[in-house]
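[1] sharing a model prediction with you, sequence too.
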Amino acid sequence: MDLPESSEVPQLVLVFSGKRKSGKDFVTDRIQQRLGSEVCCILRLSGPLKQQYAQEHGLDLDQLLGSGPYKERYRADMIHWGETRRLQDPGFFCRLATRGARQPVWVVSDARRLSDLQWFQSKFPRQTQCVRVQSSEETRTQRGWSFTAGVDDAESECGLDSGVQFDWIITNDGDAPSLDEQLQPVLKLAEEASSSISRS
Ligand SMILES: Nc1ncnc2c1ncn2[C@@H]1O[C@H](COP(=O)(O)OP(=O)(O)O)[C@@H](O)[C@H]1O
Ligand SMILES: C[C@@](O)(CCOP(=O)(O)OP(=O)(O)O)CC(=O)O
């Protein structure tokens, strides 16, 4: 049975995707700072993935969760391992990542595949909104990105490049209109969603 318990039903689910170093963590952290952690939780699908992968392979979870070279060393194999798991059960990591989330606003920071989006859309059709974070290759390079074959051309990075109607697109380049300005309508939606439960 994979339906969440009633206390786990969110008012708004913002599902973020974007390329490596587009700024998904930066933007989703900013949203949480604005809304507060009582109202908004950040859920990472890669969290339970890394946990299980580390356990099965005897690896250092903290380093896999960090942003250093250790994670990059294992990335291609983790992608492959995660894909095998998702093929058996497409909602596997989504269910684990959302387990126990109690806040009214869920921010999922790292959707990568259509199956990730479809899981949220089917469980929470009214609440789910898809958000894309985009940055130019130049900006991503300044942030430390460089093209890696087997990673940047794989489904993990390209699975949501087409076929998705995004509700919001946030441009996170140095010369983009300020992030706060772009996030304004999303934050408003989140504030309305969370105030609707404090009124009920
Ligand atoms: N708007 C921004 N202003 C300043 N630094 C940023 C901005 N967006 C992202 N960064 C920085 O760029 C790096 C990559 O961002 P991150 O959020 O980790 O990307 P992703 O999660 O998409 O891989 C981080 O060091 C982050 O702090
Ligand atoms: C195996 C992964 O889950 C690794 C993801 O790790 P992070 O979410 O830390 O990645 P970036 O923010 O892109 O650096 C990718 C996947 O295909 O599931």
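    Nice, thanks for sending it over. Residues are numbered from 1 along each chain as shown. Ligands and ions are numbered 1, 2, ... in the order given.

[2] confidence-wise, which helix or strand of this protein is lowest on average?
    Using mean pLDDT, DSSP states H and E, helix 179-199 stands out as the lowest-scoring helix or strand of the chain, at a mean of 89.

[3] report all helices and strands that that helix contacts.
    In this structure, helix 179-199 packs against strand 12-17, helix 24-35, strand 105-108, strand 128-134, strand 168-171, with contacts taken as 3 or more C-beta pairs under 8 Å, 6 or more residues apart in numbering; DSSP states H and E. C-beta: built from backbone N, CA, C; applies to glycine.

[4] does ligand 2 sit close to stretch 104-112?
    Yes: Stretch 104-112 comes into contact with ligand 2 (C-beta under 6 Å from any ligand atom), by way of 110, 112.

[5] quick one: that stretch to chain centroid distance?
    Averaging C-alpha positions (C-alpha atoms, centre = their mean, to the nearest Å) puts stretch 104-112 5 Å from its chain's average.

[6] let's number from 44 now, not from 1
    All set: I'll call the first residue 44, so the last point we hit is now stretch 147-155.

[7] this structure against ligand 1: which residues are in contact?
    For the chain, the contact set with ligand 1 under C-beta under 6 Å from any ligand atom comprises 61, 63-69, 186, 215, 222.

[8] nearest to E115 among those?
    E115 has its nearest neighbour among those in R63, at 9.8 Å by C-beta to C-beta.

[9] if you drop the residues flanking it in sequence, what lies closest to that closest one?
    Using C-beta to C-beta, 6 or more residues apart in numbering and skipping the chain neighbours, the partner closest in space to R63 is W188 (5.6 Å).

[10] got any ranges where this structure has weak pLDDT?
    Scanning the chain for pLDDT under 70 picks out 44-51, 240-243.

[11] could you redo the last one with a cut-off of 90?
    44-52, 109-112, 193, 217-221, 237-243 (pLDDT under 90).

[12] near ligand 2, which residues of it?
    Residues of the chain lying near ligand 2 (C-beta under 6 Å from any ligand atom): 63, 89, 92, 118, 121-122, 125, 153, 155, 199.

[13] if I look at D210, how far off is ligand 1?
    According to C-beta to the nearest ligand atom, to the nearest Å, D210 stands 18 Å off from ligand 1.

[14] ditto for F190
    As for F190, its distance to ligand 1 is 14 Å (criterion: C-beta to the nearest ligand atom).
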